[in-house]
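**Student:** Fold the following, please.
(4 chains)
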There are 2 protein chains.
Amino acid sequence: MKVEQAATQLEALGKPTRLEIYRALIRAGENGLAVGALQESLNIAPSTLSHHLKTLIISGLISQERQATTLICRANYNSMQDLVDYLVSECCVGSPSDTTSMCKPTPFCKDC
Amino acid sequence: MKVEQAATQLEALGKPTRLEIYRALIRAGENGLAVGALQESLNIAPSTLSHHLKTLIISGLISQERQATTLICRANYNSMQDLVDYLVSECCVGSPSDTTSMCKPTPFCKDC
DNA sequence: TAACTATTTCGGTAATTCTGGAAATACGGT
DNA sequence: ACCGTATTTCCAGAATTACCGAAATAGTTA
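**Tutor:** Numbering: from 1, shown residues only, chains lettered A, B, ... in the order given. Below you'll find the model as predicted:
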């Protein structure tokens, strides 16, 4: 992953409103959520929500699928996996004796 | 972790310049890097670097320790671990049948 | 204390971003 | 074709942010 793309994705998640949108989609799983459902649960203006969704879509973190008149939004789990991998990918490079870093054989998601 | 803190940390990483700073510190490991060393390797104005470092420090992602006249900067690995945990912590909640999510028993950092 | 190095704060400008009302577009049903 | 619902685009104002030169501060050494 390139620095610019990672920064774009991190910035997309870097505002509370968009982070809430994203987390709502993460929680929703593969069923996704309609734009209208998001708008009601988050209580923000439709145009504002649309702007934020566009930002998240451009970053690649979420995607949309049309079902009749409603647009279903879904988190792109692969993107998040790639982003997380990028963030921790070089954590052991510079310091061979680094035993306090995050590079432990910890499962990524223990509960599943 | 609260949404605001997570958003603050993500935003801190959401600009290419700051992401480069952070990754340089991640690579440097527990030895850290002096502000001056960062400034030379990244080629940005000292005042600009200082602002970015402040942003990262306030977010909790890095910390500084003074050694004589130089300030050593280090990535805070625990903060990153917490942030990653927060991002993926609810990825299975809303959809019980979600088998395509990122919640696989994948080790967090395979190489270590 | 004076001089020196390392780093931050101050001040100001240009650029970007967040927000939402109003208008426009997309789609399905009648 | 027309209407209703869902969503986006257009427009604009307010707020925030990035950037850096110059001055100020912190610490060390002579």
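**Student:** contacts and neighbour counts: CA atoms only from here.
**Tutor:** Fine.
**Student:** and stretch A:70-87, does that touch DNA strand C?
**Tutor:** No: for stretch A:70-87, no contact with DNA strand C is found by Cα under 7 Å from any atom of the strand; the gap never falls below 7.8 Å.
**Student:** And A:Ala34, how close does it get to A:His51?
**Tutor:** Using Cα to Cα, to the nearest Å, A:Ala34 is found at 15 Å from A:His51.
**Student:** How about the lowest-mean-pLDDT helix or strand in chain A, which residues are buried there?
**Tutor:** One helix or strand of chain A scores below all others by mean pLDDT, DSSP states H and E: helix A:77-88, with a mean of 90. Buried residues in helix A:77-88, defined by neighbour count with 16 or more other Cα atoms under 10 Å in any protein chain shown: A:77, A:79-81, A:83-84, A:86-88.
**Student:** what do you get for stretch A:31-39?
**Tutor:** Here stretch A:31-39 shows A:31-35, A:38-39 as buried, counting by 16+ other Cα under 10 Å.
**Student:** try stretch A:60-70
**Tutor:** Going by neighbour count (16+ other Cα under 10 Å), the buried part of stretch A:60-70 is A:60-64.
**Student:** close enough to count as contact, A:Ser59 and A:Ala7?
**Tutor:** No: with contact defined as Cα atoms under 8 Å, A:Ser59 does not reach A:Ala7; the gap is 9.2 Å.
**Student:** Which one's more surrounded, the two?
**Tutor:** A direct count of neighbours by other Cα atoms under 10 Å in any protein chain shown for A:Ser59 and A:Ala7 places A:Ala7 higher, at 25 against 20.
**Student:** Shouldn't that one be within a helix?
**Tutor:** Yes: per DSSP: H, G, I helix; E, B strand; the rest coil, A:Ala7 lies within a helix segment.
**Student:** what's near enough to touch A:Ser59?
**Tutor:** Each residue near A:Ser59 by Cα atoms under 8 Å, 6 or more residues apart in numbering or on different chains is listed here: A:5, A:8-9, A:12.
**Student:** Specify which member of those is nearest to B:Arg27.
**Tutor:** For the contacts of A:Ser59, the residue nearest B:Arg27 by Cα to Cα is A:Gln5; the value is 19.3 Å.
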